[in-house]
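> sequence plus predicted model, see below.
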Amino acid sequence: MKMTDIEKQVGDFRLRIPQLQLEDGCIHGLIGGNGCGKTTLAKLMMGILTPDSGRIDREGLTGREITMTSQRPYLMHTSVYENVVYPLKLRGEKPEESDIRPWLTRCGLWKKKDQYAGSLSGGERQKLSMIRAMILKPKFIIVDETLSNLDPDSVKLFEQWIREIQEQSAVTWVLISHQLSHIYRMSDQIHFLSQGELVVSGPARELLKNCGEERLRAFLDRESLDRT
Ligand SMILES: Nc1ncnc2c1ncn2[C@@H]1O[C@H](COP(=O)(O)OP(=O)(O)OP(=O)(O)O)[C@@H](O)[C@H]1O
């Protein structure tokens, strides 16, 4: 996906993306402070928002090939199992229990398959939201702070899962997170937003270890101070 000269106003906030290239089949980390525009940018990628000006080239991706999960996932008022099955049925598929079981088993939710989804814990809801996105086998997945409530073992599990999917099906991932260690472990490319502007993009290791860009340097210093 490629964005050029994008501007988008929402309320008092203005997002500016001069140039953003999201290479296919890579894991992209989208970072920046609270309110800098990460979710707004993700919604533009998804097509939930349209830009006021500029161009988005989705390079042949159709709407159903792009999926987004959020920090506070919207779940249907039914069971865990039905929450996974429903989006597949909407696509005209007729999934068997044996299609669903491995996904829920791997993240520990199979034993809760008949439980009302609204009664899940915050972390369990996030896991269910990830499953709902991944099982649709999209080509482009945006994960907006969706792993933020997971315990370290569960984060590891999903990190492994994301890598497997990327390697097997060349899926493009956009990970939005304030957990820089997660971004550092996972990302091929980093994109840093500051106050509504895309400031710098590039290879993750280079930018996170050794970046001369002043605003990114200051952001990384503040984040690591917050963690001590
Ligand atoms: N519909 C809207 N109306 C008015 N302001 C909005 C709207 N949507 C977003 N904003 C504002 O745009 C700014 C960017 O919001 P956005 O959710 O994109 O930030 P973010 O980088 O994802 O933040 P965080 O890290 O806190 O999740 C915020 O100041 C927010 O209040």
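Right, received. Where do you want to start?
> which positions in this protein make contact with the ligand?
10-11, 13, 32, 34-40 (Cβ under 6 Å from any ligand atom). Bear in mind the C-beta positions are built from the backbone N, C-alpha and C, glycine included.
> where's whatever residue of the chain ends up closest to the ligand relative to residue 37, distance?
Nearest residue of the chain to the ligand (Cβ to the nearest ligand atom) works out as residue 11 at 2.5 Å. Residue 11 sits 12 Å away from residue 37, taking Cβ to Cβ, to the nearest Å as the criterion.
> can you map out the strands along the chain?
In the chain, the segments counted as strands under DSSP state E are 2-10, 13-21, 27-31, 53-57, 66-69, 140-144, 172-176, 189-194, 197-203.
> among these, which is nearest residue 151?
Within the strands of the chain, the stretch nearest residue 151 is strand 140-144; the backing value is 16.9 Å (Cβ to Cβ).
> what's the angle from the closest one to strand 27-31?
Calculated by axes from the mean of the first three to the mean of the last three Cα atoms, to 10 degrees, strand 140-144 forms an angle of 30 degrees with strand 27-31.
> what about this structure, any weak spots by pLDDT?
225-228 (pLDDT under 70).
> and the residue nearest the centre of it?
residue 143 (1.4 Å; Cα atoms, centre = their mean).
> that one contacts residue 179, doesn't it?
No - counting by Cβ atoms under 8 Å, residue 143 does not reach residue 179; the two are 11.6 Å apart.
> state which helix of this protein is the longest.
Counting by DSSP state H, the longest helix found in the chain is helix 152-169.
> buried stuff in that helix?
154-155, 157-159, 161-162, 165-166 (16 or more other Cβ atoms under 10 Å).
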